[in-house]
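S.K.: sequence first, then the predicted structure, then my questions.
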Amino acid sequence: MQFPSKLTDVKKSMSFTREGLASASREYHQYTRGRGPEQPKWVCKRAYPAPWGEETVFARAHADKSRYGVQVKKKIPFTKWSRWVPVRVNGETYGQILAADKHFKQAVKGAPTAELVQMSCSPAAGSAARESAESLHSAGIGFDVHATDKTHLYSYNTSEEPGPGSVKLDGDIIVGHGSEMELLESGDPMKSPWGKYEAPGQ
């Protein structure tokens, strides 16, 4: 599932290489901001074991701590035409949108015990991720939901395999993903950036 809501977003369907899907299902990558003119804006440092299981469903949308970015179809007045308009919605509404989407329903039907990984920036820093998880659970979807409280990044087929280097956003096939992390002086992470919202009865 993906919701491209910015002009620079890739509009093609989100897809993984086989290796990328295997990687995303078992690990996430630690990204830090590049320092100095010799480094790219983001640098991939290393991988960590994922807090989710290998049976996963991914949903990608721009977000912040309180809202998600989606597009809605809006009719143009006095015409028969409509156009897609980007809007920001709270977590509850985002959960309802996911639960009602035919592709998401298909994913739920095919893997009812999977876990949902939100490929979104910082919804776990506030109420957005919790609200979206509660909304999904209220709709009868028993997915545990994982979301990060930091910037979320992806590595594409047009960039180098996950490892030290720039993250390019001009491809359409994901080979890896991860989150910005705060580090101790030793270089170890302060804490995992991922929050987990368990389905009732789990």
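M.R.: Yep, that arrived.
S.K.: ok, and the closest non-adjacent residue to the residue nearest the centre of the chain?
M.R.: By CA atoms, centre = their mean, the mean C-alpha position of the chain lies nearest to Met119, the distance being 0.6 Å. Spatial nearest neighbour of Met119, chain neighbours left out: Arg60 (4.0 Å); criterion: CB to CB, 6 or more residues apart in numbering. Every residue, glycine included, has its C-beta placed from N, CA and C.
S.K.: tell me which element that neighbour falls in.
M.R.: Element membership of Arg60 [criterion: DSSP states H and E] is strand 56-61.
S.K.: where do the strands sit along the chain?
M.R.: 2-3, 15-16, 27-33, 42-49, 56-61, 67-75, 82-90, 115-119, 144-148, 152-156, 173-180, 194-197 (DSSP state E).
S.K.: in CSV, list the ones you listed along with distance to Ser138 and mean pLDDT.
M.R.: Putting the strands of the chain into CSV (distance: least, CB to CB, whole Å; pLDDT from 0 to 100) gives the following:
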stretch, distance to Ser138, mean pLDDT
strand 2-3, 20, 58
strand 15-16, 29, 70
strand 27-33, 28, 85
strand 42-49, 30, 82
strand 56-61, 17, 92
strand 67-75, 17, 89
strand 82-90, 14, 90
strand 115-119, 14, 95
strand 144-148, 13, 97
strand 152-156, 25, 80
strand 173-180, 27, 82
strand 194-197, 12, 96
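S.K.: now distance to Phe104 too, for these, in JSON lines please.
M.R.: Shown next, in JSON lines, are the strands of the chain (distance: least, CB to CB, whole Å):
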{"stretch": "strand 2-3", "distance to Phe104": "11"}
{"stretch": "strand 15-16", "distance to Phe104": "16"}
{"stretch": "strand 27-33", "distance to Phe104": "22"}
{"stretch": "strand 42-49", "distance to Phe104": "26"}
{"stretch": "strand 56-61", "distance to Phe104": "7"}
{"stretch": "strand 67-75", "distance to Phe104": "13"}
{"stretch": "strand 82-90", "distance to Phe104": "15"}
{"stretch": "strand 115-119", "distance to Phe104": "9"}
{"stretch": "strand 144-148", "distance to Phe104": "13"}
{"stretch": "strand 152-156", "distance to Phe104": "19"}
{"stretch": "strand 173-180", "distance to Phe104": "18"}
{"stretch": "strand 194-197", "distance to Phe104": "17"}
